[in-house]
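Give me the fold of what follows.
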Amino acid sequence: MAEEKTTPPAPGDPTDVARVFAEIALRSKHLVETHLAEQARHTGEEPTDELGVGKAFSELAGKLMSDPFKLAQMSLRMWQDYFTLWQNTMLKASGGEAPAVAESGMSDSRFKGELWENNLVFDYIRQSYLIAAQNIQKSVSEVEGLDPQTARKVKFFTRQYIDALAPTNFVLTNPEVLKATIETGGKNLLDGLNHLLQDIDRGDGKLAISMTDPKAFKMGENVASTPGKVIFQNDLMQLIQYQPTTSEVCKIPLLIVPPWINKYYILDLREKNSFVRWAVGEGHTVFVISWVNPDERYAGKTFENYMFEGPLAAIDAIGKVTGENRVNVIGYCLGGTLLGATLAWMAEKGDPRVASATFLASLLDFSIPGELGVFIDEAQVENLERRMNERGYLEGSEMAATFNMLRANDLVWSFVVNNYLLGKDPFPFDLLYWNSDSTRMPAKMHSFYLREMYLANRLRVPGGITLGGVPIDLGKIAIPAYFVSALEDHIAPWKSTYKGARLLSGPTRFVLGGSGHIAGIVNPPSAKKYGYCTGSELSESADEWQAGATRSEGSWWIDWQAWIAGLNGPARAPARVPGMGALRALEDAPGSYVSVRP
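Down below sits the predicted model:
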């Protein structure tokens with residue numbers, strides 16, 4: 001019988017390979033020059049630990065060493081798992097079957113694929129890593145005597161370290177990468193190196209991972225494309241009014257106040273998942289605030305400025321355009337926090353122009369800040385303030401990097417594998433295009449927000465903060481309110497948003513959807529995903545409310561529309577065309593403010 005010959009991988013096109021090497025050489029030269037210049041600029045500066053990671057782990061080490069018996073128990077527990085894995089692997093090697101010692105979670109997609117499960121070597125590598133990861137995390141969580149903030153830091157950065165060392169992130173321990181390397185003759189690694197250098201070059205010497213193909217999207221065409229007009233603007237925002245698609249509309253118009261941490265078009269991505277387009281189709285006259293992307297000129301803008309020049313200015317403009325003296329308002333994330341403060345200000349002033357309020361993943365009570373709390377303590381806020389005072393703003397990329405760390409496997413390491421190890425181009429994805437379109441934060445406003453909301457949690461306290469000379473009391477908000485949160489939200493944890501919902505005194509409906517801070521909100525009915533839970537009474541305990549809640553399939557959008565329709569009643573008005581009212585159109589949506597990139 002003739003010996004079967006293995007066909008070697010086909011070599012890459014010499015011209016293509018030469019071109020890639022030429023690009024690498026040019027970029028490498030530029031990066032080395034940039035790096036040397038940066039090093040020269042910082043010569044003599046002492047290294048700093050702005051996040052307090054070193055101090056936190058020093059305290060952890062001290063606590064571990066103070067109880068050697070417990071430390072030995074932790075070590076023994078891990079080695080028992082390794083011994084069981086070794087026994088099970090030997091059993092499998094001899095043709096037997098054995099259960100896995102360690103498995104990744106349902107949401108962990110790193111080890112999906114036949115080679116990870118069916119190949120004995122890679123199954124052993126996978127389980128070895130998971131055993132170490134799970135035991136280290138368990139051991140860290142069991143250490144007693146750490147103050148809460150130090151404990152949060154230790155757990156968070158331990159996870160970052162463990163995620164970074166996953167076998168999926170290395171060529172020799174990732175079967176998918178090895179397979180691609182053999183099949184392409186190593187061209188995937190060459191392309192990956194070129195992608196890496198491109199991203200470092202694009203970040204001016206810092207790694208700026210490409211999450212999507214930016215050329216695949218253009219605002220006004222395939223994202224932020226719902227037809228409308230800018231009908232008002234001031235220093236901080238443009239107000240967009242959208243073109244109606246129904247002959248009649250709800251009498252009460254709808255205003256959306258998005259966060260200014262990111263751009264408004266998270267609620268107007270593509271046609272299939274645009275909340276704005278959907279709401280227009282449901283017969284709402286929709287207005288959206290598009291915040292400015294501030295630079296050093298906005299350093300002195302305050303949270304108070306955002307209230308007066310944002311929702312209050314928008315409500316004034318909407319009244320002029322529609323002739324209505326009432327408006328329904330939606331606030332998302334930080335926009336919802338601003339909405340709560342604005343409604344309390346209006347209640348104190350006796351201003352009745354808001355008919356209802358909807359809060360999307362919004363914090364009013366910051367007692368459970370989630371993993372963002374890792375980055376917010378007195379020392380870190382002082383460091384942020386120092387940098388902001390030098391520039392007049394917080395750089396958007398710094399904020400984006402923090403959010404990406406909250407889900408590092410999905411928003412960092414998956415792209416390292418795809419772009420740099422597999423050498424693939426990033427997939428065109430509207431949500432990630434938006435995610436990479438970061439915005440800056442004015443120094444004075446952001447300092448107030450971090451100190452008064454996150455550090456001191458004063459918004460929840462009656463009279464805890466004062467805006468425009470008015471003490472803010474959320475308990476005076478008596479209008480109907482709708483809160484929707486997401487079960488897996490790491491930015492606005494649902495149990496904290498639930499606490500905020502209970503601060504208001506009017507009739508309040510709380511809805512708990514699935515997924516996270518973005519996907520749980522941008523969840524169109526056509527997707528038929530996640531589902532949501534509702535309950536009639538807001539119990540004192542969030543867990544008690546959840547235990548008694550009723551689950552429904554589909555999107556919370558449908559539930560919200562039924563709720564708002566019940567409040568609006570049957571009153572209708574002729575469709576309102578943007579630019580045909582008291583305020584003329586300034587430009588087409590999405591406007592010029594949203595187009596300013598860092």
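
When you work out contacts or count neighbours from here on, use the C-alpha atoms and nothing else.
Noted.

Find me the pLDDT at residue 561, would you?
In this prediction, residue 561 carries a pLDDT score of 97.

typo on my end, residue 349
Reported pLDDT for residue 349: 97.

what about it, how many residues close to it?
10 (other CA atoms under 10 Å).

which residues of the stretch 401-550 of the chain fall in strands?
Secondary structure of the stretch 401-550 of the chain (DSSP state E, counting those that start in this stretch): strands at 441-442, 466-467, 470-471, 481-486, 508-513, 532-534, 550-552.

mind giving me TSV with those and columns for distance to residue 99?
Below are those laid out as TSV (distance: least, CA to CA, whole Å):
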stretch	distance to residue 99
strand 441-442	51
strand 466-467	60
strand 470-471	61
strand 481-486	34
strand 508-513	34
strand 532-534	35
strand 550-552	34
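
So which bits of stretch 152-164 are buried?
Residues 152, 153, 154, 155, 156, 157, 158, 159, 160, 162, 163, 164 are the ones in stretch 152-164 that count as buried (16 or more other CA atoms under 10 Å).

tell me which element the first one is part of?
So that's residue 152. Using DSSP states H and E, residue 152 sits within helix 148-164.

So what touches that helix?
53, 56-57, 60, 133, 137, 140-141, 371, 373-374, 377, 405, 408-409, 413 (CA atoms under 8 Å, 6 or more residues apart in numbering).

how about 6 Å then?
By CA atoms under 6 Å, 6 or more residues apart in numbering, the list of residues contacting helix 148-164 from outside reads 56, 374.

which is the next helix or strand following it?
helix 175-184.

list the helices and strands that following helix packs on?
Of the remaining helices and strands, none touches helix 175-184 by 3 or more CA pairs under 6 Å, 6 or more residues apart in numbering; DSSP states H and E.

let's see 7 Å
helix 187-202 (3 or more CA pairs under 7 Å, 6 or more residues apart in numbering; DSSP states H and E).

State the mean pLDDT of the helix it packs on.
86.

about what we covered before: mind checking which of the strands of the stretch 401-550 of the chain is nearest residue 347?
strand 470-471 (10.2 Å; CA to CA).

Walk me through which strands that closest one pairs with, and which way each runs.
strand 466-467 (antiparallel) (DSSP bridges).

can you list contacts of the strand it pairs with?
For strand 466-467, contacts defined as CA atoms under 7 Å, 6 or more residues apart in numbering pick out 304, 472.

Give the rounded mean pLDDT of it.
Strand 466-467 comes out at a mean pLDDT of 97.

same thing with stretch 416-429?
Here the average pLDDT along stretch 416-429 is 92.

go on, stretch 526-534?
Per-residue scores along stretch 526-534 average to 93.

Then stretch 315-324?
The model assigns stretch 315-324 a mean pLDDT of 96.

List the buried residues for it?
Result for stretch 315-324 [16+ other CA under 10 Å]: buried residues 315, 317, 318, 319, 321, 322.

Kindly report the same for stretch 130-150.
Buried residues in stretch 130-150, defined by neighbour count with 16+ other CA under 10 Å: 130, 131, 132, 133, 134, 135, 136, 137, 139, 140, 143, 150.

how about these in a markdown table, adding secondary structure, distance to residue 92 and pLDDT?
Listed next are these as a markdown table, based on DSSP: H, G, I helix; E, B strand; the rest coil; distance: CA to CA, whole Å; pLDDT from 0 to 100:
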| residue | secondary structure | distance to residue 92 | pLDDT |
| --- | --- | --- | --- |
| 130 | helix | 19 | 94 |
| 131 | helix | 18 | 93 |
| 132 | helix | 21 | 92 |
| 133 | helix | 23 | 92 |
| 134 | helix | 23 | 92 |
| 135 | helix | 24 | 92 |
| 136 | helix | 27 | 90 |
| 137 | helix | 28 | 91 |
| 139 | helix | 30 | 88 |
| 140 | helix | 32 | 87 |
| 143 | coil | 36 | 86 |
| 150 | helix | 43 | 87 |
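
out of these, who's nearest residue 596?
Among those, and counting by CA to CA, the member closest to residue 596 is residue 150, at 38.1 Å.

measure that closest one to residue 376 for me?
Per CA to CA, to the nearest Å, residue 150 is found 12 Å from residue 376.

Kindly report the same for residue 411.
Relative to residue 376, and taking CA to CA, residue 411 is found at 21 Å.

ok, now residue 259?
Relative to residue 376, and taking CA to CA, residue 259 is found at 19 Å.

re earlier: residue 293: which of the strands of the stretch 401-550 of the chain is closest?
Closest to residue 293 of the strands of the stretch 401-550 of the chain is strand 441-442 (CA to CA; 7.9 Å).

Between the strands of the stretch 401-550 of the chain, which one is closest to residue 175.
With distances scored as CA to CA, the stretch of the strands of the stretch 401-550 of the chain nearest to residue 175 is strand 481-486 (34.7 Å).

From the rest of the structure, what touches the closest one?
In contact with strand 481-486 (CA under 7 Å, 6+ apart) are residues 356-361, 494, 501, 507-517, 520.
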